[in-house]
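> Got a sequence here, can you build the structure:
(4 chains)
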Number of protein chains: 2
Amino acid sequence: MANSNVNGRRAAQSGKTEVKTPRLGMTEHGKRVTSYDVALTAGVSQSAVSRCFKPGASVSKKMRAKVMRVAEQLGYQPNAIARSLITRRSNMVAVIINNFTNLYYPELLVQLSRRFDESNIHLLLFTLEHESDVDKILSQVWQYQVDGVVSAAFLSHQQVEFFEQRGVPLVLYNRSFQDHPVSAICCNQEAGERVLVKKLHAAGHKRYGIVSGPPDSVVGNQRTKGALQCLKQLRVRGVRVVEGDYSYESGRAAFSQLMEDKGKAPDAVICANDVMAIGCIDAARHDYGLRVPEDVSVVGFDGASPGAWASYRLTTIDQPVEIMAEAAVSMLMERVENPELPPEVRSYSGVLLEGESARLG
Amino acid sequence: MANSNVNGRRAAQSGKTEVKTPRLGMTEHGKRVTSYDVALTAGVSQSAVSRCFKPGASVSKKMRAKVMRVAEQLGYQPNAIARSLITRRSNMVAVIINNFTNLYYPELLVQLSRRFDESNIHLLLFTLEHESDVDKILSQVWQYQVDGVVSAAFLSHQQVEFFEQRGVPLVLYNRSFQDHPVSAICCNQEAGERVLVKKLHAAGHKRYGIVSGPPDSVVGNQRTKGALQCLKQLRVRGVRVVEGDYSYESGRAAFSQLMEDKGKAPDAVICANDVMAIGCIDAARHDYGLRVPEDVSVVGFDGASPGAWASYRLTTIDQPVEIMAEAAVSMLMERVENPELPPEVRSYSGVLLEGESARLG
DNA sequence: GCCCCGCTTGCATTAGGATGCAATACTAAT
DNA sequence: ATTAGTATTGCATCCTAATGCAAGCGGGGC
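Numbers count the residues shown, from 1 in each chain, chains lettered A, B, ... in the order given. Model prediction:
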């Protein structure tokens, strides 16, 4: 009789012939265990249970111990959905990524995931197949009440404005706007290319080929633009640009295209990312029997890990992913805590990784 | 006066001197627009609004048109959190991945994301640094009321049991249990290794070296075990096993270790993944001046894209990621719809990719 | 013109936890 | 023992959308 009060409901049910094993986290009615169930069993109020799960709340040790014991017994876990509804904080952040084939993104994702995890924030992943899917994605983003968004995909002005209107903090990754202030983490793509181009030029390269990224890649365009502008300043003429799509195959094919221009084979090839540069190196060696860097220098951009492999030893610009991810997370979280913070852009310089795929001056 | 009824509340507010631009998706009080706001403005009930956003609900065309127009004006988006609370469906699925450094996982993630997207399911990403973090992760998983889980990380029996008890559908990816029925998608690792080993043996290789994965990698152990068993059956002796950690560097270092055994340099190296195999190839060529595959054959496992690059042309077993991801998604979704479905294991065979990194019989 | 039926719509309630405020318990001091 | 003062606890309400049930509306048939 001692505990009939506390366990009354459960005891009453167990009179039936059902022999179900008790299911952790479920009531005997097959519903999820809620704070009410815990409260009932522990003989306290629901609010007490709620407070026990909130760090820093006013609860006595005795109460907390009692509640926690029951909670554990019943397998109770607070319902994050219900909590989000009332606190207006979902503890979820959306990450929007478009071109996943880029070897660079997985690394970014791990870093973001790791950092957000430290603040107990969860990652809702949105991957785009086409940039045109952004609107559809954004609609989902609003619906899920995420606390903030990190976008490594291109957003239009209007789309960015929606974020402001809805008060959802946004941090762009490697994108930004001139005429519209938005928080962003960037690696200075043009500057990186200039470093490469100047060094290539100083080493005496004359005939430049550029393998661009796909036309809709903002980062790719910046890189190509940076290289072209710098070459122009150096009064280099006859630069050929061939379009790639960031893939190994496209890099390899692009190299062939550059070689086809009879008599004008490039002695320096500047690629919009590392994977295409690797494709170029392989094309030079295997398709054309050329030596890299003696016959042709090849440079990339990203600092993707395969570039460091002994077969390539790629000369490239390394984007400081860890630092950039860390910055993106802290910048976003600051704005989640304090939405009034003005937009901020942090720009990092890439670091020249001198490999052996290019002769540099 | 015509619309004073409908817009009464808004009109009353606008009497103030505040000149805020109307913020899409926000009321003039700075709160999110809810179905009540839409209902009030449209002069209908909240339930009507709710029904307008539910496909197939009983609503007249007139009503839907009216509501939708207002919803658009106000920038209303249904609150997925509130919806989840009442429908007990979050439309979120957790994906647990442990070793992201593996080049194979990004590809998997893209595929999963793509497929789930088709069912309007969102991906909550959990990455593990250490297998020991699983319990922490699982606690989060329960809290977020995800509709199901795809785990490419190892789970203990007890952990799997929690899923059953809580009624959360689970599909393991490349893991499974003998004595505990759990739904899983697998690539038959042992069988794949046997194909490789038999072919290597038939080609006359005598001295085998194995580069294993990290000890806590289930898949890696299966691969190593498969290779060892097959070699044993073929009565090959003196097989050396060196431990790697799936990284390029560890593959390269492992190759050195295998070579150190004076006079017994291997003529075939079997690696637990592609990246280590690539490391071995580079080590053989660059550190030891050996020719691959003339002096030493190297094989991997995964079918990661860099293996196909011209410098490596890796002979490996290709896991059919697309098919496996598709299977994982449909198997999970079936169980979300119908939790009573019994566990099912689908096992796929890897496909031999004959590159040029090994002489095969 | 009246009644029945079916389609729409609204009302009231539900999901599960957080929180302001009031009530109560407990501690220390007199 | 009594009182002031603080630390706990409970009550009632809120967050936002979904849904069973009942009422309302309109049309067709007699």
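> any idea how far DNA strand D is from residue A:356?
Per CB to the nearest atom of the strand, to the nearest Å, residue A:356 is found 59 Å from DNA strand D. Glycine gets a C-beta too; all of them are placed from N, C-alpha and C.
> Stretch A:275-287 and chain B, any residue contact?
Yes - judged by CB under 8 Å from any CB of the partner chain, stretch A:275-287 and chain B are in contact via A:278, A:279, A:281, A:282, A:283, A:285, A:286, A:287.
> which residues are contacting that stretch?
If you take CB atoms under 8 Å, 6 or more residues apart in numbering or on different chains as the criterion, stretch A:275-287 is touched by A:102-103, A:211, A:213, A:244, A:246-256, A:269, A:271, A:290-292, A:295-296, A:298-302, A:304, A:306-307, A:312, A:314, A:316, A:357, B:309-311.
> Would you mind checking the residues of stretch A:275-287 next to chain B for buried ones?
A:278, A:279, A:281, A:282, A:283, A:285 (16 or more other CB atoms under 10 Å in any protein chain shown).
> Filter those down to the ones in helices?
A:278, A:279, A:281, A:282 (DSSP state H).
> on that earlier part again, kindly reformat the residues of stretch A:275-287 next to chain B as JSON lines and extend each row with distance to residue A:48 and pLDDT.
Converted to JSON lines, the residues of stretch A:275-287 next to chain B look like this (distance: CB to CB, whole Å; pLDDT from 0 to 100):
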{"residue": "A:278", "distance to residue A:48": "61", "pLDDT": "98"}
{"residue": "A:279", "distance to residue A:48": "63", "pLDDT": "97"}
{"residue": "A:281", "distance to residue A:48": "66", "pLDDT": "98"}
{"residue": "A:282", "distance to residue A:48": "67", "pLDDT": "98"}
{"residue": "A:283", "distance to residue A:48": "70", "pLDDT": "97"}
{"residue": "A:285", "distance to residue A:48": "71", "pLDDT": "97"}
{"residue": "A:286", "distance to residue A:48": "71", "pLDDT": "96"}
{"residue": "A:287", "distance to residue A:48": "73", "pLDDT": "96"}
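> quick one: which of these is nearest to residue B:158?
Nearest to residue B:158 among the residues of stretch A:275-287 next to chain B: residue A:278, at 44.9 Å, using CB to CB.
> how near is the closest one to residue A:228?
Distance of residue A:278 to residue A:228, given as CB to CB, to the nearest Å: 22 Å.
> before we move on, what about residue A:152?
24 Å.
> And what about residue A:312, helix, strand or coil?
Counting by DSSP: H, G, I helix; E, B strand; the rest coil, the backbone at residue A:312 sits in coil.
> Can you tell me how far it is from residue A:274?
Residue A:312 is 9 Å from residue A:274, by CB to CB.
> what touches both of those two?
Common contacts of residue A:312 and residue A:274 (CB under 8 Å, 6+ apart): residue A:306.
> who has more neighbours, those two?
Neighbours per residue (other CB atoms under 10 Å in any protein chain shown) separate residue A:312 from residue A:274, with residue A:274 holding more: 30 against 24.
> Which residue, other than its chain neighbours, is closest to that one?
Leaving aside its sequence neighbours, residue A:274 sits nearest to residue A:300 (CB to CB, 6 or more residues apart in numbering or on different chains; 3.8 Å).
> The one you found: what's it in contact with?
Per CB under 8 Å, 6+ apart, neighbours of residue A:300: A:271, A:273-278, A:307, A:314-317, A:357.
> Mind pulling the model confidence for it?
On pLDDT, residue A:300 comes in at 97.
> do residue A:10 as well
As predicted, residue A:10 sits at a pLDDT of 35.
> again, but for residue A:104
79.
> My guess is it contacts residue A:273. True?
Yes - the pair residue A:104 and residue A:273 qualifies as a contact (CB atoms under 8 Å) at a distance of 7.4 Å.
> Comparing those two, which shows the higher neighbour count?
A count of neighbours by other CB under 10 Å puts residue A:273 above the other of residue A:104 and residue A:273, at 29 against 23.
> looking at it, that one is touching residue A:212, isn't it?
No - Residue A:273 lies out of contact with residue A:212 (CB under 8 Å); the separation is 9.9 Å.
> Please enumerate the shared neighbours of those two.
residue A:220.
> Flag every residue of chain A that's near DNA strand D.
A:44-48, A:51, A:58-63, A:82, A:85-86, A:88 (CB under 7 Å from any atom of the strand).
> Top of those residues by number of neighbours, please.
With neighbours defined as other CB under 10 Å, the most crowded of the residues of chain A next to DNA strand D is residue A:48; it has 20 neighbours.
> Please identify the helix or strand for it.
helix A:46-52 (DSSP states H and E).
> Please apply the same query to residue A:145.
Using DSSP H and E, residue A:145 falls outside every helix and strand.
> For it, grab the count of nearby residues.
Using other CB under 10 Å, residue A:145 is surrounded by 19 other residues.
> okay but it is in contact with residue B:77, surely?
No - in this structure residue A:145 lies outside contact range of residue B:77 using CB under 8 Å: 9.3 Å.
> Next up, the contacts around residue A:23.
By CB under 8 Å, 6+ apart, the neighbours of residue A:23 are A:30, A:75, B:165, B:166, B:167.
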